[in-house]
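1. with the sequence up front, the predicted model follows.
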Amino acid sequence: MAGDKRSAFSGASRQNPDEAMLASSTAPAKIYRPAPADTSNLPGKIKVDLSTPLESFLLGAVGVAAVIALLLYIQGTFGGKKSPPNPELLKYIPLAIGFMATALACWFGVDNFYVISVQQRKLLYHFKLFFMVKITAVADFEQIAAIGVTGVRHTHKGNVWWKYKICAVKNSGEFIDLSDEADPGKLDWLNDRAEGMAAVAGCLFAKGAEWSKLSFDDGNTGLRVISFEPENPVSFVESMKELRKIKLSLTFFIVVTLIIVSFCIMMYVLLTPPM
C-alpha cells in the first residue's frame, strides 16, 4: 500500500497506565496536513465499510439465542447434575429459535457504512434495514479537524494489549470511527488508508503509533497524540484464551436468560395473530 499514496485509500512512581506518558527518545507520531488528493481520478462516492454497533448487537443476539436454545434442550431432555429433566422447558425452544432466526435475518438485512462524498464534500452515513434506506450527513469536510489512527487499550487480569482503528475528529471534538479495530500488524495499512482519507477531505492527518491514542482538548492544546508505556503486552489470540477462562456467575446467567426469554415471549405474543 505504500506506493499507492496518490489514491484516496492507498490509502519515577508508577502512575495509572491511562495517565502514564511514554518518556522515550523516539519521535512522536506526526500530525500534519497531507497534499490534497487529485479528486479528478476518484469516484464521486467512496465507501467506508465497518461493523456498526447494530450489526454487532444482532450477531451477538444470534449467539445468545442459540446458546439458550441449546441449554433449554439439555435441561428439558437430560436435566442437570442435581435436577431431573424438565420437559416444560422444551416448549420455549421455538421461541429462542424464532428470536435467533429474526436476529439473523435482520443481520443479513442490515447494511450500514460511511460514505465519503467527494462531490458534496461531506461524510455521509448509509443505513439500510431490508428495504428501508436512509442516508444522513454526518459532517461537512470543513467540520472535520483531522482523520487519523488511534489506539484502543484493552486489559484483562493484568494483561494489556492494544488494537488500532481509523477515526475522524470533528472540530467539536467528537470522534467518529471509520474502521474496525485491527491488530498492531495492520498499523501501517491503517495509517496509509487514513492519510488517503485526510487528503480527500483536506484536513489534518494524525499518524498512529504503537501504544498511543488520539486526544482532543477544547483548550489551546487541540488534537494531540498521547503515548503510553508498554506494559505486559500480549497478543490478541492470547487475550482471547484468557477471556475464555472467565466463569460467569449463576445470578448473571439467570438474569440474562430471563431477559432474553421475556423478550422472546413478548415477540411471540405480538406476532401471533388473534384466534
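-> Received the coordinates, thanks.

2. using the three-state scheme, assign the most centrally placed residue in the chain.
-> Nearest to the mean C-alpha position of the chain, by CA atoms, centre = their mean, lies residue 180 at 5.1 Å. For residue 180, the secondary structure call by DSSP: H, G, I helix; E, B strand; the rest coil comes out as coil.

3. contacting residues for it?
-> 50, 51, 165 (CB atoms under 8 Å, 6 or more residues apart in numbering). Any C-beta I mention is one placed from the backbone N, CA and C, and that applies to glycine too.

4. kindly provide the distance from the last one to residue 199.
-> Spatial separation of residue 165 from residue 199 under the definition CB to CB, to the nearest Å is 19 Å.

5. of the two, which one has the most company?
-> With other CB atoms under 10 Å as the criterion, residue 165 and residue 199 differ in neighbour count, and residue 199 comes out ahead with 25 against 20.

6. you'd agree residue 151 is up against residue 215?
-> No - look at residue 151 against residue 215 with CB atoms under 8 Å: they stay out of range, at 10.9 Å.

7. quick one: contacts for residue 198?
-> 33, 34, 146, 147, 148, 204, 205.

8. and those, which of them are in strands?
-> 146, 147, 148, 204, 205 (DSSP state E).

9. ok, these vs residue 190, which is closest?
-> Using CB to CB, residue 148 comes nearest to residue 190 of these, at 9.2 Å.

10. one step back: which of the contacts of residue 198 lies closest to residue 100?
-> For the contacts of residue 198, the minimum distance to residue 100 (CB to CB) is 37.9 Å, reached by residue 147.

11. where does the stretch 101-250 of the chain dip in pLDDT?
-> Applying pLDDT under 70 to the predicted model, the residue ranges of the stretch 101-250 of the chain that meet it are 218-221, 231-250.

12. try it again at 90.
-> Scanning the stretch 101-250 of the chain for pLDDT under 90 picks out the ranges 103, 129, 155-160, 215-250.
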